[in-house]
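# curious how this folds, go ahead:
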Amino acid sequence: MAVPLRMPDVSGVEAPRTRHRLTDSFFKLVGRDWVPQVIDDPTFPVSVLTGGHKLTGWGLREECVTRLLFETGGRIFEVTGLTLGDWANRGLTREATAVSKGSHGRRVKFFRFSSETAPLLRRYFDGQRRVRDCLNWSMADYLRASGDKLIDLNDVPLFLSTRGTQLKAKSFRETYWVPACRAVGLDADPHQARHWYVTMAVRTIHETSTTEAEIRRRTRELIEYMQWRGGEQTMASYDHYFDAARHADIQDQLHERLRVALEQGLKRRSSRVAALPGTPAQLKSVDPDLAFLRVLGGANA
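Got it, this is the predicted structure:
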């Protein structure tokens with residue numbers, strides 16, 4: 001029997017060899033090696049859901065929890081801890097109130113999710129969940145009882161376990177998330193869905209904002225949504241990533257200009273040349289590297 005490959009420390013499946021945890025990447029099995037993948041890979045959510053659909057026992061509940069993790073940026077215990085009251089508090093549409101880390105059960109934040117996930121939640125509640133519900137009630141039944149002051153919707157878990165109790169984060173992680181990832185050769189912790197959400201949000205902010213002031217405003221909005229107490233410090237780590245990513249974009253543009261310049265130069269000269277053609281006379285006394293970049297940038301003679 002083949003010996004199973006050891007999962008990376010970041011997975012939480014194996015006992016870590018050190019205290020260090022990677023949060024900016026997940027792993028993909030390539031041959032017999034676990035290769036790190038950047039966390040802003042747009043296919044990450046699709047891969048996890050695809051893996052889940054390969055499993056027996058994966059249903060609407062698992063799909064809804066997974067989608068909420070990627071769509072809201074919520075922690076796993078915040079998502080599995082949602083109640084019908086949380087959803088009803090925001091109109092039973094695309095938002096739900098939620099607890100946060102350190103809030104001691106107080107609903108201090110809200111989640112917003114996609115228009116595709118909302119009807120899936122309704123289908124789950126009136127279908128798979130109803131089978132596990134001790135009262136066998138539908139959403140309409142609970143809403144009527146709440147209107148008659150017979151029940152508090154904040155006491156009604158949105159996600160139920162197979163025993164009819166509130167679904168626990170540990171159970172979802174070990175029984176559904178990890179097997180789904182393994183089914184498609186991935187190793188990732190559910191918390192990395194949160195990092196994926198923030199990374200993609202920051203990327204979108206930088207790609208769609210037109211001014212630095214707009215970037216700062218939208219970043220503050222993200223910090224408020226995520227309910228980060230040390231928001232500025234937390235964002236600094238993501239900004240560091242995007243500083244490097246933005247410079248990589250500049251490098252790509254520079255490399256392309258270099259390619260074009262070299263092609264043109266090689267066509268014009270059959271012999272060795274000392275510099276790119278068209279170097280402006282006024283740049284001859286300037287630092288050679290600066291003159292070179294000015295030519296690539298399109299400086300006129």
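# partners of the helix or strand where Ala98 lies in the sheet?
Taking DSSP states H and E as the criterion, Ala98 maps to strand 95-99. The strands beside strand 95-99 in its sheet (DSSP bridges) come out as strand 107-112 (antiparallel).
# show me where pLDDT drops low in the stretch 101-250 of the chain?
Within the stretch 101-250 of the chain, the stretches with pLDDT under 70 are 229-250.
# tell me the helices in it, going along the chain?
If DSSP state H, counting those that start in this stretch is used as the criterion, the helices of the stretch 101-250 of the chain fall at 117-126, 128-132, 139-147, 169-172, 178-183, 191-208, 212-226, 231-268.
# circling back: what lies in contact with the strand holding Ala98?
With CB atoms under 8 Å, 6 or more residues apart in numbering as the test, strand 95-99 has contacts from 74, 78-79, 81-82, 85-87, 89-90, 105-113, 158. For glycine as for every other residue, the C-beta is placed from the backbone atoms N, C-alpha and C.
# buried among the residues you listed? Make that a PyMOL selection.
Those of the contacts of strand 95-99 that count as buried under 16 or more other CB atoms under 10 Å are selected in PyMOL with:
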select buried, resi 74+78+79+81+82+85+86+87+89+107+109+110+111+113+158
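# tabulate the helices of the stretch 101-250 of the chain (TSV), appending mean neighbour count and distance to Val46.
Shown next, in TSV, are those (neighbours: other CB atoms under 10 Å; distance: least, CB to CB, whole Å):
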stretch	mean neighbour count	distance to Val46
helix 117-126	18	14
helix 128-132	17	22
helix 139-147	15	29
helix 169-172	16	19
helix 178-183	20	12
helix 191-208	19	12
helix 212-226	14	23
helix 231-268	12	22
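# dump those to JSON lines, plus distance to Thr162.
Listed next are the helices of the stretch 101-250 of the chain as JSON lines, based on distance: least, CB to CB, whole Å:
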{"stretch": "helix 117-126", "distance to Thr162": "14"}
{"stretch": "helix 128-132", "distance to Thr162": "7"}
{"stretch": "helix 139-147", "distance to Thr162": "20"}
{"stretch": "helix 169-172", "distance to Thr162": "9"}
{"stretch": "helix 178-183", "distance to Thr162": "15"}
{"stretch": "helix 191-208", "distance to Thr162": "23"}
{"stretch": "helix 212-226", "distance to Thr162": "32"}
{"stretch": "helix 231-268", "distance to Thr162": "36"}
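# Leu69: which of these is closest?
Of all those, helix 191-208 sits nearest to Leu69, with 3.9 Å by CB to CB.
# can you spell out which helices and strands pack onto that closest one?
Using 3 or more CB pairs under 8 Å, 6 or more residues apart in numbering; DSSP states H and E, the elements in contact with helix 191-208 are helix 44-53, helix 60-72, helix 212-226, helix 231-268.
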